[in-house]
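>>> structure of the sequence below:
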Amino acid sequence: MTDSLDTTYLETLLGYNARRTALTIIERFMERMAEFELSPVDFSVLSLIHHNPGVTSRQLCKALNILPPNMVVFLKAFEKRELVQRKPHPTDGRATGLSLTPQGLTLMQAAEQRAMESDLSVAKRLTSAEQKTLVRLLKKIYA
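Numbers count the residues shown, from 1 in each chain. Sure thing, here's the model as predicted:
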């Protein structure tokens, strides 16, 4: 009996390779986000707010495929940490816009830098062109 397994068939499957890659990337990402106390979803929500001041929770739910009750939990936690603030929406009187507080802005600037470093560390075997191609191809699958 040998300790090595024949993974040849599995390695032909897109799902198998995508999952192995995702696990590697997410593990590294979570290590880098630990100092900020951010999960991958936390990071995504805060990044969208950072780059889209005034965004509504409905827009966030749609963009990230998150159910509204779950978004409420995220936003309450961010408000408790004083990372996010709510303001009246400039054009929709029924909606509330979300933006980062000064503390949230400082945290996200550092976290986004760390996220970029994380991506670069796991993709170091790829050229810049290969990285761009990979992202383009991945988007063709989920977008």
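>>> centroid-nearest residue for the protein?
Among the residues of the chain, residue 44 comes closest to the average C-alpha position under CA atoms, centre = their mean, at 3.5 Å.
>>> surely it touches residue 61?
No. Using CB atoms under 8 Å, residue 44 and residue 61 do not qualify as a contacting pair, with a distance of 11.8 Å. C-beta here means a position set from N, CA and C on the backbone, and glycine is covered the same way.
>>> now do stretch 22-40: distance to the chain's middle.
Taking CA atoms, centre = their mean, to the nearest Å, the mean C-alpha location of stretch 22-40 is offset from the chain mean by 10 Å.
>>> all helices for this protein, in order.
In the chain, helices defined by DSSP state H lie at 14-33, 40-51, 57-64, 68-80, 102-122, 128-142, listed in chain order.
>>> ranking those helices by burial, who's on top?
When the helices of the chain are scored by mean count of other CB atoms under 10 Å, the highest mean neighbour count falls to helix 40-51 (a mean of 18).
>>> got the angle between that helix and helix 68-80?
Angle, helix 40-51 to helix 68-80, by axes from the mean of the first three to the mean of the last three CA atoms, to 10 degrees: 70 degrees.
>>> contacts for helix 40-51, please.
By CB atoms under 8 Å, 6 or more residues apart in numbering, the residues outside helix 40-51 that reach it are 26, 29-30, 33, 36, 38, 55, 60, 63-64, 66, 71, 74-75, 77-78, 83-84, 98-100, 104-105, 107-108, 111-112, 115.
>>> circling back to that earlier point, how close does the residue nearest to the centre of the chain get to residue 91?
Plainly put, residue 44 is 25 Å away from residue 91 if you go by CB to CB, to the nearest Å.
>>> now swap in residue 31 and tell me
Distance, residue 31 to residue 91, by CB to CB: 41 Å.
>>> just residue 127 next, same as before
Here residue 127 is placed at a distance of 44 Å from residue 91 (CB to CB).
>>> repeat for residue 12
As it turns out, when the distance is counted by CB to CB, residue 12 lies 51 Å from residue 91.
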